[in-house]
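K.L.:
whatever this is, show me its structure:
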Amino acid sequence: MRSLHSIKKKYNIPIEMQSCHTTIIGKYFIEGHVPLQAVNKLLKEQPDIDGIALPGMPIGTPGMPGEKEEPYVIYQLIDGKFSVFMTI
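P.N.:
Numbers count the residues shown, from 1 in each chain. Below is the predicted model:
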């Protein structure tokens with residue numbers, strides 16, 4: 001079993017994009033409490049990126065208690081560099 005730290009390092013996920021969960025689906029990583037809408041978009045469009053991330057643990061995201069308080073900004077990452085993938 002590999003540690004989460006080694007997985008985050010392997011996929012070049014910078015500290016500011018990290019969360020408590022990392023999932024690997026095919027060639028992509030999904031970092032954090034990413035809503036299913038963003039995962040579906042990733043898998044449908046299959047962009048040339050390394051993965052997507054929702055840093056931290058925003059209130060109201062899947063698995064987190066509370067009501068959504070602000071838009072969720074999901075980032076796409078390529079070689080450790082990030083830009084906005086979508087806002088939900």
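K.L.:
which stretches of this structure have low pLDDT?
P.N.:
1-2 (pLDDT under 70).
K.L.:
where do the strands of it begin and end?
P.N.:
Using DSSP state E, the strands of the chain run over residues 22-25, 28-32, 51-54, 73-78, 81-87.
K.L.:
now do the same contact list for residue 36.
P.N.:
residue 62 (Cβ atoms under 8 Å, 6 or more residues apart in numbering). Placement of C-beta: from N, CA and C, glycine included.
K.L.:
please report how far it lies from residue 61.
P.N.:
To residue 61, residue 36 is 11 Å away according to Cβ to Cβ, to the nearest Å.
K.L.:
for this structure, what's the longest helix?
P.N.:
If you go by DSSP state H, the chain has its longest helix at helix 36-45.
K.L.:
relative to strand 73-78, how tilted is that helix?
P.N.:
Orientation check (axes from the mean of the first three to the mean of the last three Cα atoms, to 10 degrees): helix 36-45 against strand 73-78 gives 30 degrees.
K.L.:
alpha carbons only: can I get helix 36-45 in PDB?
P.N.:
Listed next in PDB are the C-alpha coordinates belonging to helix 36-45 (Å, rounded to 0.1, in the frame of the first residue of the first chain):
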ATOM      1  CA  LEU A  36     -19.600  14.400  -9.500                       C
ATOM      2  CA  GLN A  37     -20.500  17.000 -12.100                       C
ATOM      3  CA  ALA A  38     -16.800  17.800 -12.500                       C
ATOM      4  CA  VAL A  39     -15.800  14.200 -12.500                       C
ATOM      5  CA  ASN A  40     -18.300  13.400 -15.300                       C
ATOM      6  CA  LYS A  41     -17.100  16.400 -17.300                       C
ATOM      7  CA  LEU A  42     -13.500  15.200 -17.000                       C
ATOM      8  CA  LEU A  43     -14.400  11.600 -18.100                       C
ATOM      9  CA  LYS A  44     -16.600  12.700 -20.900                       C
ATOM     10  CA  GLU A  45     -14.300  15.400 -22.400                       C
END
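K.L.:
fine by me, thanks again.
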